[in-house]
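> I would like to see how this sequence folds:
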Amino acid sequence: DFWTRNVFSVPRGTGSGFVWDGAGHVVTNFHVIQGASEATVRLADGRDYKAGLVGVSPAHDIAVLRIGVGFKSPPPVPLGTSQDLQVGQKVFAIGNPFGLDWTLTTGIVSALDRSLAGDSGTNIDHLIQTDAAINPGNSGGPLLDSAGRLIGITTAIFSPSGASAGIGFAVPVDTVNRVVPQLISEGRYIRPALGIDTDDRLNRRLVEVLQTEGVFVLRVQPASAAEQAGLRSARMAPNGTFVAGDVIVGLEGSKIAGVGDLLSRLDDFEVGDTVHLKVRRGGSTIDVPVTLQPGT
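Next up is the predicted model:
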């Protein structure tokens, strides 16, 4: 809003997208279709198709739809990479701002590796910041490099007015390329997990009361990766006082200040990867290797 200058997600109900493959899968933002009972996809040649929902990942603000295009399937957008992007590199955004179909805007990569708080309680990390004009209706559209390759999905703007102020954000294609195939095959994104129970609100309260940052292990799930790694959960003493167990303060060299940090950092890995946690246990700090399991 105007007073706090919060990030404005592009309003729901209308948006943009792009063809992912020859099977009719279309990628857009989750917030574009959130709460909808049906969706219609209009292709560049004017054809309209009813779309079915394949899968969503709210944590990444990504949704996959599918349309039946038969033998007239349009070509998918060629994929680029986002790990080698440079600040100052020219980019192009295609979308439907204010209902103006097939609008192309251009700009540069303004910054890399931005983070925004998502509606799901986790951060959306590694975002591309661009000054290409992004307005309501652009959301879900492709961000392209100068060779026409996909490098991101435009997802949000920072603007006191709600219109383009030269600060837009895109989910990087490396994240998209990890999430979308899983949405197509499984219908959901299976996040890598440690096998512990946490609570963001309670964790913030514990951080405040105990004056220590990190993620408190409230419970170690039975037969989980965390149990196999020997992580210890919090407990209540016989006199009713809270006794902290392990507190996760780092993961593979990155500082972990809260639950959002932990979930976002885990998302950089895959199920089966072994990660090293920096854990505060009592008065000492130890290194604990954990092999990541599928999240629920």
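> now do the end-to-end distance for stretch 264-277.
When the termini of stretch 264-277 are compared using CA to CA, to the nearest Å, they are 14 Å apart.
> strands of the stretch 151-296 of the chain, start to end?
Secondary structure of the stretch 151-296 of the chain (DSSP state E, counting those that start in this stretch): strands at 168-172, 192-193, 196-197, 215-216, 219-220, 235-236, 242-243, 247-251, 254-255, 274-281, 284-291, 293-294.
> where's T155 relative to T175, distance?
Separation of T155 from T175 (CB to CB, to the nearest Å) stands at 11 Å. Placement of C-beta: from N, CA and C, glycine included.
> neighbour-wise, which of these two wins?
Neighbour count, other CB atoms under 10 Å: between T155 and T175, T155 has more, with 31 against 22.
> isn't G272 up against T291?
Yes - look at G272 against T291 with CB atoms under 8 Å: they come within range, at 6.7 Å.
> any chance of the strands of the stretch 151-296 of the chain in JSON lines, with distance to P75 and mean pLDDT too?
Listed next are these as JSON lines, based on distance: least, CB to CB, whole Å; pLDDT from 0 to 100:
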{"stretch": "strand 168-172", "distance to P75": "21", "mean pLDDT": "92"}
{"stretch": "strand 192-193", "distance to P75": "33", "mean pLDDT": "92"}
{"stretch": "strand 196-197", "distance to P75": "45", "mean pLDDT": "92"}
{"stretch": "strand 215-216", "distance to P75": "45", "mean pLDDT": "94"}
{"stretch": "strand 219-220", "distance to P75": "49", "mean pLDDT": "92"}
{"stretch": "strand 235-236", "distance to P75": "58", "mean pLDDT": "85"}
{"stretch": "strand 242-243", "distance to P75": "58", "mean pLDDT": "82"}
{"stretch": "strand 247-251", "distance to P75": "40", "mean pLDDT": "94"}
{"stretch": "strand 254-255", "distance to P75": "39", "mean pLDDT": "90"}
{"stretch": "strand 274-281", "distance to P75": "38", "mean pLDDT": "94"}
{"stretch": "strand 284-291", "distance to P75": "40", "mean pLDDT": "93"}
{"stretch": "strand 293-294", "distance to P75": "34", "mean pLDDT": "91"}
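> what's around the closest residue to L292 other than its chain neighbours, how many residues?
Among residues not flanking L292 along the chain, P192 sits closest, at 3.9 Å (CB to CB, 6 or more residues apart in numbering). The tally of other residues near P192 (other CB under 10 Å) stands at 20.
> which ones are touching P192?
L266, D267, F269, E270, V271, D273, L292, Q293, P294, G295 (CB atoms under 8 Å, 6 or more residues apart in numbering).
> quick one: the nearest residue to P172 once chain neighbours are set aside from K72, how far?
Leaving out its chain neighbours, the residue that sits closest to P172 by CB to CB, 6+ apart is S82, at 3.5 Å. Distance check for S82 against K72: by CB to CB, it reads 31 Å.
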